[in-house]
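Chemist: Take a look and give me a structure for this.
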Amino acid sequence: MATVIDGKALAKKINEQTTQRVEKLQADYGITPGLVVLIVGTDQASERYVRNKHRTAQRLGINSIVRQLPVDISEAELLKIIQQYNNDPTIDGILVQDPLPDQINEKDVTRTILPEKDVDGFHPVNVGKLFIDDSTKYPVSCTPKGIMTMFDEYGISLKGKKAVMIGRSAIVGKPMAALMINAGATVSILNRYTPDIKDYTKDADIIVSATGQLHLLGPDAIKSGAVIIDVGQNMNEQGHLVGDVDYDDVFDKVGFITPVPGGVGPMTIATLMQQSVDLAEWGMQRGK
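Modeler: From the prediction side, this is the model:
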């Protein structure tokens with residue numbers, strides 16, 4: 001029977017630690033970490049997600065600012081707003097919520113945010129540091145970083161393990177693969193063009209799936225004792241939120257598994273808060 005990796009409980013633990021760090025920064029240095037989230041337009045899913053981030057940040061003592069911008073804002077106007085926060089010493093982290101309207105180039109937005117304020121870890125400088133396993137301090141994409149915290153918490157070593165990353169996005173797949181490589185795993189990155197993913201998954205010690213594809217993996221695709229990290233979010237036939245993996249069917253076969261919901265999701269937000277405080281501390285050390 002599998003051990004359930006309880007992301008909800010671990011996120012609560014991380015949030016408690018983050019609160020203590022915020023209180024120490026305030027007491028010792030008079031610094032309150034500042035996080036600004038820019039949301040363009042009125043996408044309902046994005047608005048719900050941003051509200052959740054905002055409430056969590058406020059609860060932890062972080063100075064959280066949410067700015068909702070009109071859907072027809074020009075790219076030049078958006079970049080000007082980002083530059084204002086780049087120059088604001090009270091703001092440590094800047095996040096621009098996806099999706100963005102067609103008139104805005106997401107890569108231009110990412111490059112405009114200062115690397116040292118890039119709380120999402122998407123700036124090319126920070127991505128480059130991740131891939132060369134740089135020894136300095138830099139932000140990393142929050143979902144993969146949260147998954148690495150899960151591995152640490154549950155004593156799951158990646159050294160010498162065969163790992164499979166299903167999905168190659170810049171948000172999850174690529175940074176997750178880099179983190180696992182840096183931790184000593186042998187990593188295969190699969191995508192929609194991979195002819196038969198079972199050729200890779202049935203021999204893997206660790207599988208991270210981030211495709212948003214319902215019923216992607218069943219017991220025939222997974223070896224006994226494997227670690228399953230399910231990042232997928234799908235609605236099943238009954239209208240319930242589930243992951244990429246057939247959770248109930250594989251449960252008795254695997255060693256560790258994350259549920260959906262209650263697994264990776266809470267850790268992503270907890271890691272965002274944690275990293276917001278990281279940026280504040282690193283900025284203080286640089287003497288910003």
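Chemist: Quick check on the closest residue to Leu216 other than its chain neighbours: phi, psi?
Modeler: Among residues not flanking Leu216 along the chain, Asp244 sits closest, at 4.2 Å (Cβ to Cβ, 6 or more residues apart in numbering). Where you see a C-beta, it was placed from the backbone N, CA and C, and this is true even at glycine. Taking degrees, to the nearest 10, you get phi -80, psi -30 for the backbone angles of Asp244.
Chemist: What degree of burial does Asp244 show, as a neighbour count?
Modeler: 25 (other Cβ atoms under 10 Å).
Chemist: Check it and give its pLDDT.
Modeler: If you check Asp244, the pLDDT there is 97.
Chemist: wouldn't it be in contact with Gly212 here?
Modeler: Yes: between Asp244 and Gly212 there is a contact under Cβ atoms under 8 Å: 7.1 Å.
Chemist: Common neighbours of those two, please.
Modeler: Common contacts of Asp244 and Gly212, defined by Cβ atoms under 8 Å, 6 or more residues apart in numbering, comprise 232, 234.
Chemist: Okay, the closest residue to Glu106 other than its chain neighbours and Lys107: tell me how far apart.
Modeler: Using Cβ to Cβ, 6+ apart and skipping the chain neighbours, the partner closest in space to Glu106 is Leu100 (5.5 Å). Leu100 sits 10 Å away from Lys107, going by Cβ to Cβ, to the nearest Å.
Chemist: cool, and Leu25?
Modeler: Leu25 is 33 Å from Lys107, by Cβ to Cβ.
Chemist: So if I had to pick from these two, which one is more boxed in?
Modeler: Set Leu25 next to Lys107 and count neighbours by other Cβ under 10 Å: Leu25 wins out with 18 against 10.
Chemist: Can you tell me the SS state at the nearest residue to that one once chain neighbours are set aside?
Modeler: Sequence neighbours aside, Ile31 is the residue nearest to Leu25 in space, at 4.6 Å (criterion: Cβ to Cβ, 6+ apart). Three-state secondary structure (criterion: DSSP: H, G, I helix; E, B strand; the rest coil) places Ile31 in coil.
Chemist: Distance-wise, check Ile31 relative to Gln84.
Modeler: Distance, Ile31 to Gln84, using Cβ to Cβ: 20 Å.
Chemist: Those two: which is more packed in?
Modeler: Between Ile31 and Gln84, counted using other Cβ under 10 Å, Ile31 has the larger neighbour count: 21 against 11.
Chemist: Contact partners for the more buried one?
Modeler: Applying Cβ under 8 Å, 6+ apart, the residues near Ile31 are 25, 280, 284.
Chemist: Work out for me the element the first one sits within.
Modeler: Under the criterion DSSP states H and E, the helix or strand holding Leu25 is helix 7-29.
Chemist: Then the last one?
Modeler: Mapping Met284 onto the secondary structure by DSSP H and E places it in helix 264-286.
Chemist: how far is that helix from where the chain is centred?
Modeler: 11 Å (Cα atoms, centre = their mean, to the nearest Å).
Chemist: what's the average pLDDT for it?
Modeler: 96.
Chemist: Return the set of buried residues in that helix.
Modeler: Of all the residues in helix 264-286, those buried under the rule 16 or more other Cβ atoms under 10 Å are 264-283.
Chemist: roughly how far apart are the closest residue to Ala183 other than its chain neighbours and Arg168?
Modeler: Closest residue in space to Ala183, ignoring its immediate chain neighbours: Leu158 at 4.0 Å, by Cβ to Cβ, 6+ apart. Distance, Leu158 to Arg168, by Cβ to Cβ: 19 Å.
Chemist: cool, Ile39 as well?
Modeler: With distances taken as Cβ to Cβ, Ile39 is found 26 Å from Arg168.
Chemist: Lys117 too?
Modeler: 26 Å.
Chemist: Between those two, which has more neighbouring residues?
Modeler: More neighbours surround Lys117 than the other of Lys117 and Arg168, with 24 against 18 (other Cβ under 10 Å).
Chemist: need the contact list for the more buried one.
Modeler: Shown in contact with Lys117 (Cβ under 8 Å, 6+ apart): 85-86, 91-94, 279.
Chemist: Sort out for me which of these are in helices.
Modeler: Mapping these onto helices (DSSP state H) picks out 85-86, 279.
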